[in-house]
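Q: sequence and computational prediction follow.
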Amino acid sequence: MAARAVVTGGAGFLGSHLCERLLADGWQVVCVDNLVTGSATNIAHLRANKSFESIQHNVSEPLFVDGAVDAVLHFASPASPVDYGDHPIATMKVGTLGTHNMLGLARAKGATFFLASTSEVYGDPSVHPQPETYWGNVNPIGPRAVYDESKRAGEAFTMAYHRAHGMKTRIVRIFNTYGERMRLNDGRAVPNFLVQALKKEPITVYGDGSQTRSLCYVDDLIEGIIRLLGTDYSDPVNIGSENEVTMLHLAKRIRDLSGSSSEIVFKPLPEDDPKQRRPDLTRARQVLRWEPTTPLDAGLNKTIAYFRQRLA
């Protein structure tokens, strides 16, 4: 019998790529999504696959799945500041109640539980780059706290189940990722810049554009996730790119690669926006033998082609 995985948030940007990869690796996949920020079009091409099934469900409510389950991968959550601004309570609930429910499902099935955590657990970091041993600098009552703190609580839940019940658990801390199937109105830097450049509108950069992000192409990220799932390592692992770029550089690069003549305009920096982001990948290299391989321009060109098609 093929191994069977439940992927929550499976119709989202990362979740749909994960479903696709698990199917390619011979898994049976149950995709669970309430389609608040996910999209049925992201998984439409998988529906003909006999090993794929999808359920529309909010995992902040208990989920019952018939049959054996070998892994529960919890990727359900609004994941951009626009989303968690629009859905603050749902974001808080899916990171806490949703994590608790999926841990319960994994425990009942004797399955490995895999938590998609985030670099946002580090907040606006006072340590750079960020190793997994850094505890973070998070404002617990700021506008981003519903995401940051629910992910931190999700990690605490996961480790509690690991310690109390001896469950197999994995925690990945995902840094900025981009690629096909990001939503056009996602609100994050790459989709914002891309849509503005392709529509030949002014490209909006917040602050003076000196804040940095490290951008990892989605295929590289999924490879890291698959490797982590296959290990027996329960402490968090950073997955992302060390190629740190300023937002101003990224805006100019996207403009040039998309052949746009958009001007760049500056707007005030949002509250609690992290000034810098770069993972320390020492643990990923040691434990997973993983590092990203897709150059920024190559990944951006693929993403631009996808966005061009969507905007056509």
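A: Received, thanks. The structure displayed is predicted, hence computed values, not measured ones.

Q: E61 sits in which helix or strand?
A: Per DSSP states H and E, E61 falls between elements, in no helix or strand.

Q: these two touch, right, it and N101?
A: Yes. Counting by CB atoms under 8 Å, E61 touches N101, with 7.3 Å between them. Just so you know, the C-beta spots here come from the backbone N, C-alpha and C atoms, and that holds for glycine as well.

Q: between these two, who's got more neighbours?
A: N101 (21 against 11; other CB atoms under 10 Å).

Q: mind listing what P274 touches?
A: 120, 122-125, 211 (CB atoms under 8 Å, 6 or more residues apart in numbering).

Q: which pLDDT value goes with G67?
A: Per-residue confidence (pLDDT) for G67: 97.

Q: got the phi and psi for it?
A: Main-chain torsions, G67, degrees, to the nearest 10: phi 80, psi 180.

Q: could you dump stretch 288-301 to CSV, C-alpha only?
A: Taking C-alpha atoms only, stretch 288-301 is exported to CSV below (Å, rounded to 0.1, in the frame of the first residue of the first chain):
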residue,chain,number,x,y,z
LEU,A,288,19.0,17.4,5.4
ARG,A,289,22.0,17.8,3.1
TRP,A,290,19.8,20.6,1.6
GLU,A,291,20.4,24.0,0.2
PRO,A,292,18.5,26.0,-2.5
THR,A,293,19.8,25.7,-6.1
THR,A,294,17.6,28.0,-8.2
PRO,A,295,19.1,31.4,-8.9
LEU,A,296,16.9,34.4,-8.2
ASP,A,297,16.6,35.4,-11.9
ALA,A,298,15.7,31.9,-13.0
GLY,A,299,12.9,31.6,-10.4
LEU,A,300,11.6,35.1,-11.1
ASN,A,301,11.5,34.4,-14.9
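
Q: so what touches that stretch?
A: 178-179, 190, 215-221, 223-224, 227-228, 231, 237, 239-243, 245, 253-254, 257, 281, 284-285.

Q: just the buried members of those?
A: 178-179, 190, 215-221, 223-224, 227-228, 237, 239-241, 245, 253-254, 257, 281, 284 (16 or more other CB atoms under 10 Å).

Q: quick revisit: of the contacts of stretch 288-301, which belong to helices?
A: Applying DSSP state H to these, the entries found in helices are 190, 218-221, 223-224, 227-228, 253-254, 257.

Q: now the two most distant members of the residues you listed.
A: With CB to CB as the measure, no two of those lie farther apart than L228 and L257, at 30.8 Å.

Q: what about the nearest residue to E223 once chain neighbours are set aside, distance to D220?
A: Nearest residue to E223, sequence neighbours excluded (CB to CB, 6 or more residues apart in numbering): W290, at 6.7 Å. Separation of W290 from D220 (CB to CB, to the nearest Å): 8 Å.

Q: what does I89 give?
A: 33 Å.

Q: mind listing the strands for the chain?
A: 4-8, 28-33, 52-56, 71-74, 112-118, 169-174, 177-178, 203-206, 212-214, 216-217, 237-239, 244-246, 264-267 (DSSP state E).
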